[in-house]
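# Just to be clear, the model below is a prediction. Sequence and coordinates:
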Protein chains: 4
Amino acid sequence: MGTDSSVVQAARVSYGAGTKKTQEDRGLIRYLMRHEHTTPFEMCEVKFHIRLPIFVMRQLIRHRTAQVNEYSGRYSIMTDEFYIPEKFEKQSTTNMQGRDDSLDEIHGKLSWMMEDVHNNAYGMYKELLEVDVARETARAVLPVSNYTEAYWKCNIKNFLHMAWLRMDSHAQWEIQEFARAMYGLVKPLYPVICEAFEDYKQQGVRLSRMEAGLAKAMFGDWMDEWDEYVTDWFGQDDASPESIKEAEKLLCIKFG
Amino acid sequence: MGTDSSVVQAARVSYGAGTKKTQEDRGLIRYLMRHEHTTPFEMCEVKFHIRLPIFVMRQLIRHRTAQVNEYSGRYSIMTDEFYIPEKFEKQSTTNMQGRDDSLDEIHGKLSWMMEDVHNNAYGMYKELLEVDVARETARAVLPVSNYTEAYWKCNIKNFLHMAWLRMDSHAQWEIQEFARAMYGLVKPLYPVICEAFEDYKQQGVRLSRMEAGLAKAMFGDWMDEWDEYVTDWFGQDDASPESIKEAEKLLCIKFG
Amino acid sequence: MGTDSSVVQAARVSYGAGTKKTQEDRGLIRYLMRHEHTTPFEMCEVKFHIRLPIFVMRQLIRHRTAQVNEYSGRYSIMTDEFYIPEKFEKQSTTNMQGRDDSLDEIHGKLSWMMEDVHNNAYGMYKELLEVDVARETARAVLPVSNYTEAYWKCNIKNFLHMAWLRMDSHAQWEIQEFARAMYGLVKPLYPVICEAFEDYKQQGVRLSRMEAGLAKAMFGDWMDEWDEYVTDWFGQDDASPESIKEAEKLLCIKFG
Amino acid sequence: MGTDSSVVQAARVSYGAGTKKTQEDRGLIRYLMRHEHTTPFEMCEVKFHIRLPIFVMRQLIRHRTAQVNEYSGRYSIMTDEFYIPEKFEKQSTTNMQGRDDSLDEIHGKLSWMMEDVHNNAYGMYKELLEVDVARETARAVLPVSNYTEAYWKCNIKNFLHMAWLRMDSHAQWEIQEFARAMYGLVKPLYPVICEAFEDYKQQGVRLSRMEAGLAKAMFGDWMDEWDEYVTDWFGQDDASPESIKEAEKLLCIKFG
C-alpha cells in the first residue's frame, strides 16, 4: 500500500503543500529520515505471505507493530518440512549469542542428526494423529525447526526498524537472511525511502557521548574542513544519488 | 503496580475530583467497566515470572500490548523439561480447533510416545552441543513442548482482555489453565476490578442484532417488568456484592 | 488497502485454504466477527484526508492505533475557519457529559457570541504574526474550534472499534457525526465486514452476568423455542442478507 | 514502578542468571542501552500527574505508547488558567518551525494581547455556561493556551524515547521545558538507566553513511589510536562513572 510519494503527501500536510518536483520529494524523504521524523513513514504498508521455521517466527513475532495471521496447528495438520542449516558453525567463544568457526567437515553427520530428530518427531506426530489425539496436543512434539506460514503486514516505518535490527550481524543468521530477503522485495517498491534508510540509519555510525568527545579532542582542528566537505558534498538532502557518488569519488581521490 | 484505587484516581481526573467513599469507588469502577471506559484500567500493571511450554508461549506472545523478556536459546542451554498432558482427548469432530472424548484408556502409551520424542530430541540436542554446534542452531531440534521462561508484564486493561480470550472455552486447554492461574493471582490484588470484569464482561452475554430483535419480539411484553428488576436489583453501579447476592436470591424465589 | 477478501485470505492461512465460494467468504467474515477473531481484520487499511475542529481532533487522536500526520501550527499559518454548531443544546441535567433540550430560540445570539471569540482570537493571532512573533507561539491564542487537517490511517479492525465508540450516543455529537461520515465512506468499500460489524457488534446488546441470570429466570421456559428460532433463522454464519430479512419478516408476523 | 534493577532482572532471564554485583548491573544496563536491546527497559513504569497548556498536551499525546487520562471539558468546567510565555521570540527566518531573535522589548504589549484573548474567550465561555449551553459545546471557544490536566503513564523505554525527541532543540521550547522537568523527576529514580541514556543516546552523535565514509577517509590513519583510547577508557560497559571522568580528564590533558 502506497509508494515513496505517500510519505511525501503525509509530510506535506504538516510542512506545507504545493506542487513540488520529484527531486524535492526525494529531499523531503531524506530530510525526514535524517531527522527521525518517522510518522510519515507509517503511511505505507507492506504485506508478505511468508514460510519460515518456527524458531525464526518466534523472533519475527517480537515486532509487535506488525499484523499477523499464522497457520494454526490446532486446526490444520503441520507440514513435514523442517529446516536444516546449509552450514554449521561452532558456538562463538567470545560472543555468547554468536557463531564462529565452520563445522563444514562434519556437515553431513550434523544434517543427518537433525533429520533423525525431525523424522522421529514427525513420525510420532502422525502416529498420535492416527489414534485420534487432538491436533493441538499432537503438535507439541514437533521441533521449532518445523516450517510454519503466515501473512505478515507492517507499515514501512516499523518494517525498516525490524529490518535494521534483524539484518544486523548480531541477529541469528537465519533471521538475517530472512530479513534481507524481505528487504530485497521492499526496496524496489520504495527505492527512495530505502536509499535514505541505508544512508542515514542502517549504514550510519553512532558515537557515544564519550566517543564524540574523543573525536572532538583528537580531530577538533579539522572540524571546519570536515564541515565544508559535508556541506559541499552530502549536506543537501536533495543531493542526487549521482552527486553523492561523485562526491565519494572525489573523496577517494583527495584522501587516497 | 497500583490498586483498584489507581483506576479511580485516573478516572476522577476526567470525571471530577473530591474525596469519595470506598463504596463510591466501587461504583465508579463498575460504571467504567460497564460502559467500556477502558483507559483508566491502563493505570495498573501486573508482572509475572512465568514458565510454560513453547507452544503456549507462542499463543501468549500474540497479545502485543504486553512487555516480555524471554529466556534465550541463543545464549543459554535449554532445559530438559517438556510438557506431557495430564489427559489426552480426541480431535473434536464438530470443532476443527477443539477436543472431544477422552483417551484416558491409552494415556500411558501416549505419554510414552511423547516422552520418546522428547528424549530423542534432547539427546540429540546435547550431542550437537558436544560437538560444539552453536546453541542457536542446536536448539532447532527441540519440540514446542519444551519449557521456556519469561518476564511478562501488562496493564490490567490488556491483561483482562487476554484473560477473557484465553480463559474462554474455545482457547486451547493448556492456555486456559495458564490464564486461569494468572487471573487467580491477579484477582486478590484487584478485587473490585475483577468482580466488575466478571459481572460485565466475562460472564455477560452478547446478543447479535438479530437475537436482540428476536428477544424483543418474543419477550417485549415483559420489558417493563424486566427493566424494573434490573433497576431495582442490579442497575445501580454501586450496588454492594451483598445486595447483588440478595437480589439473586429473591430472583430465585420469585421465578423458582 | 485491501477488500473484504483480504480478511478471508488472512483467516484462511489459519483455518485452511482451498477455493471457496463468495457465500462462504461472507460466512467466514461473519464467523470471525461473531467470535471476536479480530486479527484478520487488521489486514485491511483505510486512509482519510480529514478536516475537523481541534476539539474533535483531540478526541480522535486518542485512538492510538491510527497513524496520523497533522497540519503544523509551528510551520504553517492556521486557517481562519472555526466551528459553529448548527444547533445548540442545554447541558443535560441527568448526564454530566451530555446535552438536553434545544436552545434553538437563541441560536442566533449564541452563534454570534462564538463568532465574536473567533474573530477576536484570529485578529489577535494575525497581529502577533505581524509583529513577527513565532507562529508556534502566536497560535496559542486560537480556540479549539479552529479547524485543523490531517492524514489519518487505520486498519479496519481498529477503525471499527473507533467507529463503534464514537458513533455511540454517549460520544459528543460532533465526533458522532464525524465518525458516521467516515463510516459512510468505508462501508461501500467493505460491505460484508461492515454488515457483520453492525449485526454482531454495533447493534448487538450486551447483558451483564446479572441480567443474563434474570433473563434465564424470567424466560428460561422459552429457551428451547428461542434456540430454535436462532438456529433456523440467524444461526448460520452464511445466512444471506435476504434470508435474514426474510426471517425478520416471519418474526414480525409471528409475534406481531 | 520498578528500579534500575528491574531492567537487569528482566534482561538476565535472557542472558543468564546468578547473583551479580551492582557494578555488573550497571555494565549490563549500559550494554543494553548501547546495543539498543530495548525490551528490558519496558519493565519499569513512570506515572505523572501533569498540568499543561492544551497545545503542549497535543504534542505529548502523539506518543502513543503512553497511558493517559485527561481532564474532560465535557464533564467539568475548564479552569481560567492560560499560558503566557515568559519570553517572546521572532519567527526564525532559517527554520520554518523555530524561533529566533528576542522580542523582549515588547514583552509587556504581547502579554497583554494574549491576555486579552484569554479574558475575552473565558468571559464568553462563562456567559455560554450561564445560558446553560452544554459544557462540551461552550468549551469550543477556549484557546489552546488553556491549561488541562492528566495522568500520564509510560514505561521507561518509551519515556526516554519521548524525552529524547522532546528535549531536543528542534522541539517547541515549551514542550522541551516540560520534558526536561519530567526527566528531572525520573533521573533520581533510575540513575543508572538515565546515565546510560545520556551517554549512548541523547548526547551521542550519529554519522550518516557518507559522513562515516568521510571520517574514514580523513582520519583513517588514526583509527588504531582511536580504537585504543576507546577500548582503554570507555569501551568497557562496566567502566565506573569515576573512571569515565578520569579518562575524560586524561583526554583533555593529552589533546589540550
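Sure thing, it's come through.

# Low-confidence bits of chain A, can you list those?
A:16-23, A:235-238, A:252, A:256 (pLDDT under 70).

# Contacts only, for residue A:80.
Contact partners of residue A:80, counting by CB atoms under 8 Å, 6 or more residues apart in numbering or on different chains, are residue A:122. Quick note: C-beta positions are derived from backbone N, CA and C, even for glycine.

# In chain A, which residue is most central in space?
In chain A, the residue lying closest to the centroid (CA atoms, centre = their mean) is residue A:163, at 1.6 Å.

# Would you check that that residue makes contact with residue A:185?
No - between residue A:163 and residue A:185 there is no contact under CB atoms under 8 Å: 11.0 Å.

# which residues of chain A fall in helices?
With DSSP state H as the criterion, chain A has helices at A:4-15, A:22-34, A:54-60, A:107-130, A:135-138, A:156-166, A:173-186, A:191-197, A:209-219, A:223-229, A:241-255.

# which of those helices is buried the deepest?
helix A:135-138 (a mean of 24; mean count of other CB atoms under 10 Å in any protein chain shown).

# Dump the helices of chain A to TSV, plus distance to residue C:191.
Putting those into TSV (distance: least, CB to CB, whole Å) gives the following:
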stretch	distance to residue C:191
helix A:4-15	25
helix A:22-34	35
helix A:54-60	33
helix A:107-130	40
helix A:135-138	34
helix A:156-166	29
helix A:173-186	31
helix A:191-197	33
helix A:209-219	57
helix A:223-229	59
helix A:241-255	45
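
# how about those helices, which one is nearest residue D:96?
In terms of CB to CB, the element of the helices of chain A nearest to residue D:96 is helix A:4-15, at 7.4 Å.

# Please name every helix or strand in contact with the closest one.
helix A:22-34, helix A:191-197, strand C:67-70, strand C:147-155 (3 or more CB pairs under 8 Å, 6 or more residues apart in numbering or on different chains; DSSP states H and E).

# Those: which one's closest to chain B?
The minimum distance between chain B and those falls on strand C:147-155, with 12.9 Å, by CB to the nearest CB.

# Is the closest one positioned near chain B?
No - on the criterion CB under 8 Å from any CB of the partner chain, strand C:147-155 is out of touch with chain B, staying 12.9 Å away.

# Pull up the residues of the stretch 151-256 of chain A that are close to chain C.
Of all the residues in the stretch 151-256 of chain A, those lying near chain C are A:151, A:153, A:155, going by CB under 8 Å from any CB.

# same thing but 6 Å
Residues of the stretch 151-256 of chain A found near chain C, taking CB under 6 Å from any CB of the partner chain as the criterion, are A:151, A:153.

# What residues does the stretch 151-256 of chain A have near chain B?
For the stretch 151-256 of chain A, the contact set with chain B under CB under 6 Å from any CB comprises residue A:172.

# Name the residue of the stretch 151-256 of chain A that lies nearest to chain B.
Residue nearest to chain B within the stretch 151-256 of chain A: residue A:172 (5.1 Å; CB to the nearest CB).

# Spit out the contact partners of that residue.
Residue A:172 makes contacts with residue B:136, as judged by CB atoms under 6 Å, 6 or more residues apart in numbering or on different chains.

# show me what contacts residue A:154?
Contacts of residue A:154 by CB under 6 Å, 6+ apart are residue A:66.

# Looking at strand pairing, list the partners for it.
Assessed by DSSP bridges, residue A:154 has beta-bridge partners residue A:46.

# how close does it sit to chain D?
16 Å (CB to the nearest CB, to the nearest Å).

# how much space between that residue and residue B:12?
According to CB to CB, to the nearest Å, residue A:154 and residue B:12 sit 38 Å apart.

# Contact residues of the stretch 101-250 of chain A facing chain D?
Looking at chain D, the residues of the stretch 101-250 of chain A close enough under CB under 6 Å from any CB are A:199-200, A:203-210, A:212, A:214, A:217, A:219, A:229, A:234.

# wait, which of the helices of chain A is closest to residue D:59?
helix A:4-15 (12.3 Å).

# Any idea how far that closest one is from the middle of the chain?
Averaging C-alpha positions (CA atoms, centre = their mean, to the nearest Å) puts helix A:4-15 24 Å from its chain's average.

# wait, isn't residue A:247 in contact with residue A:230?
No - between residue A:247 and residue A:230 there is no contact under CB atoms under 6 Å: 9.8 Å.

# what's the farthest-apart pair in the residues of the stretch 101-250 of chain A next to chain D?
Pairwise distances across those (CB to CB) peak at 27.4 Å, for the pair A:199 and A:217.

# ok, now how distant is the residue nearest to residue A:8 when sequence neighbours are not counted from chain D?
In this structure, residue A:8 finds its nearest non-sequential neighbour in residue A:25, 4.6 Å apart by CB to CB, 6 or more residues apart in numbering or on different chains. Using CB to the nearest CB, one gets 17 Å for the distance from residue A:25 to chain D.

# try residue A:176
Residue A:176 sits 16 Å away from chain D, going by CB to the nearest CB.

# for residue A:96, same thing?
Taken as CB to the nearest CB, the span from residue A:96 to chain D is 7 Å.

# Counting neighbours, what do you get for the closest residue to that residue other than its chain neighbours?
Nearest non-adjacent residue to residue A:96, counting by CB to CB, 6+ apart: residue B:75, 4.9 Å away. For residue B:75, the neighbour count with other CB atoms under 10 Å in any protein chain shown is 15.

# so residue B:75 sits right up against residue A:98, yeah?
No - if you go by CB under 6 Å, residue B:75 and residue A:98 don't touch, sitting 9.7 Å apart.

# got the residues of the stretch 1-150 of chain A near chain C?
So the stretch 1-150 of chain A meets chain C at A:1, A:10, A:13-16, A:39-40, A:42-43, A:45, A:67, A:69, A:71-72, A:75-76 (CB under 6 Å from any CB).

# Give me the buried entries from those.
A:1, A:10, A:13-15, A:39-40, A:42-43, A:45, A:67, A:69, A:71-72, A:76 (16 or more other CB atoms under 10 Å in any protein chain shown).

# among those residues, which two are most distant?
A:15 and A:76 (48.5 Å).

# returning to that earlier point: for residue D:32, which of the helices of chain A is the nearest?
The nearest among the helices of chain A, by CB to CB, is helix A:156-166 at 13.6 Å.

# helices or strands up against the closest one?
Where contact means 3 or more CB pairs under 6 Å, 6 or more residues apart in numbering or on different chains; DSSP states H and E, helix A:156-166 is packed against helix A:173-186.

# Just the residues contacting the helix it packs on, thanks.
Helix A:173-186 is touched from outside by A:46, A:52, A:56, A:59, A:163, A:166, A:167, with contacts defined as CB under 6 Å, 6+ apart.

# Same question for stretch A:249-256.
Applying CB under 6 Å, 6+ apart, the contact partners of stretch A:249-256 are residue D:217.

# circling back: OK, contacts around the residue nearest to the centre of chain A?
Residue A:163 is in contact with A:179, A:183, counting by CB under 6 Å, 6+ apart.

# give me that answer again for 10 Å
Applying CB atoms under 10 Å, 6 or more residues apart in numbering or on different chains to residue A:163 gives the contacts A:63, A:154, A:156, A:179-180, A:182-183, A:186-187, A:194, A:197, A:201-202.

# Looking at those residues, spot the one nearest residue A:88.
residue A:180 (20.2 Å).
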